[in-house]
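>>> Turn this into a model:
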Amino acid sequence: MSTRLNIDVLRHFVAIADAGVMLRAADRVGRTQAALSQLVKRLEGELGQTLMLRSGRGITLTAHGQRLYAYAQQILRVHDEAVASLRGESLSGELKLGLPEDYAYAFLPALLRGFSNRHPQVVIEVVCAPTTQLLAKLRDRALDIAIVSEPDHPDRPFLAKAQFVWVGAPGSDAHRRDPLLLALTDRDDLNHQAAIAGLDAAGLAYRIAYASASVAGLISVVRSGQAIAVLTEYAVPPDLVVLPASSGLPALPSIGITLATAKGEASPLLKRFEAEVRAILSGS
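Numbers count the residues shown, from 1 in each chain. This is a model prediction of the structure:
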């Protein structure tokens, strides 16, 4: 019997590969971890190949898994383009999307892949910057839409929330140093403010050893074992560790994630894209 690749199975496989962690993938697609694990196992059985390796650091694609991932992306793109075209839903134009760099890790692959597959004539320009800069760009109409952060508040209807966490390198004693050496983003950023407020309240000495708006830069410093950082849970790469409460570091707050758009009447393209972003954030 010939093997047929199911579109929904391929979509879930790509979601798992993009997420890198089974729990995160399960949250995104609305399935349980057990169901996704069974899906991968069944797909591996049908193809006769191991596609994914699971470890404490997350999920890694094998060589066969990488090949299937590339084919799956092509298949899903053509499939979604055909459906959108036949339904008369295909759009064209340009959009400028802004979001903090750590959210790009979490949301951008699924967002761009899904929307671009259905609307291949749309060009999406992505700008990564802190929330304060994104809001300024929206006011100047240099962006059409942005995913932004706000301090958590129980009365605000956020699309999603993200927990701040202390992050260090495995085996590093950076969190035990006195003073603590920190790698932080700009002082206007919520994670910078959360780190300083928590340490000041706890009476812990610290020194900002590295400051940058680049999350990738902060992660590189943390990997060296020379400092610790505060990131959202979405931005923690699998080769770094979240430092537990037993490390003696103060508890950190969560933040709310929401959408902001440039003032003025929204185009049909922007309305469709905004609905897509809201759906992905709400399912995160």
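
>>> in its sheet, what does the helix or strand hosting T258 sit against?
Using DSSP states H and E, the element containing T258 is strand 254-261. Strand 254-261 has its sheet partners listed here by DSSP bridges as strand 145-151 (antiparallel), strand 160-168 (antiparallel).

>>> average pLDDT across the first one?
I take that to be strand 145-151. Across strand 145-151, the average pLDDT comes to 92.

>>> And the spatially most central residue of the chain, which helix or strand is it part of?
The geometric centre of the chain, computed from its C-alpha atoms, lies nearest to A106 (C-alpha atoms, centre = their mean), at 0.9 Å. Per DSSP H and E: A106 is located in helix 101-118.

>>> Same check on E94?
Going by DSSP H and E, E94 is in strand 92-99.

>>> Does anything pack onto that strand? Which helices or strands?
Under the contact criterion of 3 or more C-beta pairs under 8 Å, 6 or more residues apart in numbering; DSSP states H and E, strand 92-99 touches strand 121-128, helix 131-139, strand 145-151, helix 268-282. All C-beta spots, glycine's among them, are computed from the backbone N, C-alpha and C.

>>> The longest helix along the chain versus helix 101-118: what angle between them?
As assigned by DSSP state H, the longest helix anywhere in the chain is helix 63-86. Relative orientation of helix 63-86 versus helix 101-118 (axes from the mean of the first three to the mean of the last three C-alpha atoms, to 10 degrees): 60 degrees.

>>> Identify each buried residue in helix 63-86, please.
Residues G65, L68, Y69, A72, Q73, I75, L76, R77, D80, E81, A84 are the ones in helix 63-86 that count as buried (16 or more other C-beta atoms under 10 Å).

>>> And for the residue nearest to the centre of the chain, nearest residue in space, chain neighbours not counted?
Once flanking residues are discounted, A106 sits nearest to Y234: 3.6 Å by C-beta to C-beta, 6 or more residues apart in numbering.

>>> any idea which helix or strand carries L231?
Going by DSSP H and E, L231 is part of strand 228-232.

>>> Partner strands of the next helix-or-strand element following that strand and their direction?
The first helix or strand that comes after strand 228-232 along the chain, using DSSP H and E, is strand 241-242. Partners of strand 241-242 in the sheet, by DSSP bridges, are strand 160-168 (antiparallel).

>>> With only the CA atoms kept, save the strand it pairs with in CSV.
Extracted C-alpha coordinates of strand 160-168, given in CSV (Å, rounded to 0.1, in the frame of the first residue of the first chain):
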residue,chain,number,x,y,z
ALA,A,160,-1.6,36.2,25.7
LYS,A,161,0.7,36.5,28.6
ALA,A,162,4.4,35.8,29.0
GLN,A,163,6.3,35.1,32.1
PHE,A,164,9.7,36.7,32.7
VAL,A,165,12.4,34.2,33.9
TRP,A,166,16.0,34.4,35.0
VAL,A,167,18.2,32.6,32.5
GLY,A,168,21.8,31.2,32.8
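
>>> which residues sit against the helix or strand following that strand?
Downstream of strand 160-168, the next assigned helix or strand under DSSP H and E is strand 180-184. Applying C-beta atoms under 8 Å, 6 or more residues apart in numbering, the external contacts of strand 180-184 come out as 174, 191-192, 195-196, 199, 204-212, 217-218, 221-222, 226-230.

>>> what residues are up against M52?
Neighbours of M52 in contact, by C-beta under 8 Å, 6+ apart: I16, A17, V40, E44, I59, T60, L61, T62, G65.
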